[in-house]
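Chemist: Following is a predicted model, sequence given first.
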Amino acid sequence: MGFLGFLKTERKTQENSFVRNRYANIAHILIFLCAFSCFTYYNLARALIYATALIFIILPGTRDKVFIHKGSLIIYVFILITFIVALINKNYLGALCALSFFAMTVVAFVSRSIATKRFYEKLLDVIILGGCTATLIGIVEKLINFNIPSYRCTGFYPNPNFFGLGVTLTILICAYKAVNKTKRVYLYYLAAIFNAVGIALCGSMSLWLVAALGIVILLTISHEYKLLAVFALICVTVLVIIVLVPQFLPRIDEMGATTDNRVLIWNFAIKHIKEKPVFGHGFFGYKHLYDIFSLNDPTIYKASLCHNIIIDSLLCHGILGTVLIIAFTVRYIGDLFYCHTRLKNQKEKYTIIKFIVAVLASILCYGMIDTTMIWVQTGMIILFIASGIGVEERKIKHLRK
């Protein structure tokens, strides 16, 4: 009986292992599809992320991973509150965005839970492939509109700046691959150069600085001083060219007007923050308010977001929602520092932590002048990058054993 009992236990263990592997394979495929869809038509991306989140909640191999991370309760409470606030304010787009954000967090938390080094590297490769595809689409779009010199490409995004942030994140991933000494690293250099064309096509001035800042931070904290010197030389060369030939950087003559427009947006937003300071107006609160008040006041500047992440958060989510966002962010940063400290003490590599820090730092700086990260496509890419902490958390668990 003892031997037969052992065989039964062994068989059950093998069956459970097979089921876990099957669920893991399904999760991997769905996450890869979501990652690539971030560079396709945004409604397709949203639908795929919704479907994936629903599948993850239903599947027994993934649904237990939706709530296991520290801080997950904070973000779900935030989503519930902002969803209710949007409905109360009849901001139905904001309510839809709250549902989108819920689906995005479910996918991101599962990605973090199942992240291995191999899976994460493949995920980043899929994003790079998507970025190159989006840039290629942008080139075709530019050729179609070649007779319009001021035309700014959007790819499959709703706005040129959203498209630009997508390819900028792709460039930062390529920089990580270079620092990580990935095989056939020259392909990632070529991909970075190709996606730089995408930034040029979207016509954004600030995204050049975001890409440069992210690369500088990554190379500095990775102690890649030779690469940093080469990159600094490239940046200086570009700056000299811009000074000598201002037309080299598109829309540089519009910088003053762009700043004035942002001031108009901020003034309008601050006025309405004072009306509902605690709960706000829900996601995309600026667009909701613009649609209401622009009918009687055509001087209000048309925009979807506030072009400042702090002002946008206070307008959309109020003080309560902003505090919850900060609380979750602090919790996540605490996890980053914990992984950094443990791995450093064990003399293990923590390149992924450095990469995440570089991306989040550059995006936070960018958030002071634009908020294109608050979107289903760009936001999902950032969450996928941030999910890489799961690789380091898994590594720490193995070290404990």
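Modeler: Yes, it's here. Numbering: from 1, shown residues only.

Chemist: CA atoms for contacts and neighbours, from now on please.
Modeler: Will do.

Chemist: Quick check: mean pLDDT of the helix or strand hosting residue 361?
Modeler: Counting by DSSP states H and E, the element that carries residue 361 is helix 351-366. Helix 351-366 carries an average pLDDT of 96.

Chemist: How about stretch 55-67?
Modeler: Rounded to a whole number, the mean pLDDT of stretch 55-67 is 88.

Chemist: Any idea how far apart the tips of it sit?
Modeler: End-to-end span of stretch 55-67 (Cα to Cα, to the nearest Å): 15 Å.

Chemist: And stretch 63-75, by the same measure?
Modeler: Stretch 63-75 stretches 17 Å from its first residue to its last (Cα to Cα).

Chemist: Would you mind listing the buried residues in it?
Modeler: Neighbour-count burial for stretch 63-75, counted by 16 or more other Cα atoms under 10 Å, picks out 63, 65, 66, 71, 72, 74, 75.

Chemist: cool, and stretch 283-292?
Modeler: Buried residues in stretch 283-292, counting neighbours by 16+ other Cα under 10 Å, are found at 283, 284, 285, 286, 287, 288, 289, 290.

Chemist: What ranges does this protein have for its strands?
Modeler: Along the chain, no stretch is classed among the strands by DSSP state E.

Chemist: Quick check: which ranges of it have low pLDDT?
Modeler: 1-20, 246-254, 400-401 (pLDDT under 70).

Chemist: Let me know whether residue 196 touches residue 172 as I believe.
Modeler: No - counting by Cα atoms under 8 Å, residue 196 stays clear of residue 172, with 10.7 Å between them.

Chemist: Which one's more surrounded, these two?
Modeler: When neighbours are counted by other Cα atoms under 10 Å, residue 172 comes out ahead of the other of residue 196 and residue 172, with 25 against 21.

Chemist: Return the distance of residue 216 relative to residue 209.
Modeler: Taking Cα to Cα as the measure, residue 216 and residue 209 are separated by 10 Å.

Chemist: Residue 245 too?
Modeler: With distances defined as Cα to Cα, the gap from residue 245 to residue 209 amounts to 18 Å.

Chemist: mind checking how far stretch 91-104 is from the chain centre?
Modeler: The gap between where stretch 91-104 is centred and where its chain is centred comes out at 16 Å by Cα atoms, centre = their mean, to the nearest Å.

Chemist: who has more neighbours, residue 245 and residue 209?
Modeler: residue 209 (15 against 10).

Chemist: how much space between the more buried one and residue 342?
Modeler: Spatial separation of residue 209 from residue 342 under the definition Cα to Cα is 32 Å.

Chemist: quick one: contacts for residue 53?
Modeler: Applying Cα atoms under 8 Å, 6 or more residues apart in numbering, one finds that residue 53 lies in contact with 103, 104, 106, 107.

Chemist: Can you tell me, leaving aside adjacent residues, what's nearest to it?
Modeler: Across the structure, with Cα to Cα, 6 or more residues apart in numbering as the measure, the residue nearest residue 53 apart from its sequence neighbours is residue 103 (5.1 Å).

Chemist: Residue 281 too?
Modeler: With Cα to Cα, 6+ apart as the measure, residue 316 is the residue that lies nearest to residue 281, at 4.7 Å, once sequence neighbours are left out.

Chemist: for that neighbour, what are its contacts?
Modeler: Applying Cα under 8 Å, 6+ apart, the residues contacting residue 316 are 279, 280, 281, 282, 283, 284, 285, 286.

Chemist: Let me see the contact set for the second one.
Modeler: With contacts defined as Cα under 8 Å, 6+ apart, residue 280 is in contact with 85, 273, 314, 315, 316, 317, 318, 319.

Chemist: go on, the fifth one?
Modeler: Applying Cα under 8 Å, 6+ apart to residue 283 gives the contacts 82, 86, 93, 94, 95, 97, 98, 316, 317.

Chemist: Over to the first one?
Modeler: The neighbourhood of residue 279, defined by Cα under 8 Å, 6+ apart, consists of 82, 85, 316, 317, 318, 319, 320, 321.

Chemist: so which of those comes closest to residue 182?
Modeler: The closest of the contacts of residue 279 to residue 182 turns out to be residue 321 (Cα to Cα; 40.2 Å).

Chemist: if I look at residue 230, how far off is residue 236?
Modeler: In this structure, residue 230 and residue 236 are separated by 10 Å, where distance is defined by Cα to Cα.

Chemist: Residue 51 too?
Modeler: 46 Å.

Chemist: higher neighbour count, these two?
Modeler: Neighbours per residue (other Cα under 10 Å) separate residue 51 from residue 236, with residue 51 holding more: 16 against 11.

Chemist: Quick check: buried residues in stretch 35-44?
Modeler: Within stretch 35-44, the residues scored as buried using 16+ other Cα under 10 Å are 35, 36, 37, 38, 39, 40, 42.

Chemist: In helices, which of those residues appear?
Modeler: Where the buried residues of stretch 35-44 overlap with helices, as defined by DSSP state H, the overlap consists of 35, 36, 37, 42.

Chemist: Just give the nearest non-adjacent residue to residue 261, would you?
Modeler: Closest to residue 261 by Cα to Cα, 6+ apart is residue 301, at 7.0 Å.

Chemist: Next, that neighbour: phi, psi?
Modeler: Listed backbone geometry of residue 301 is phi -70, psi 130, with angles given as degrees, to the nearest 10.

Chemist: residues in contact with it?
Modeler: By Cα under 8 Å, 6+ apart, the contact list for residue 301 reads 261, 264, 265.
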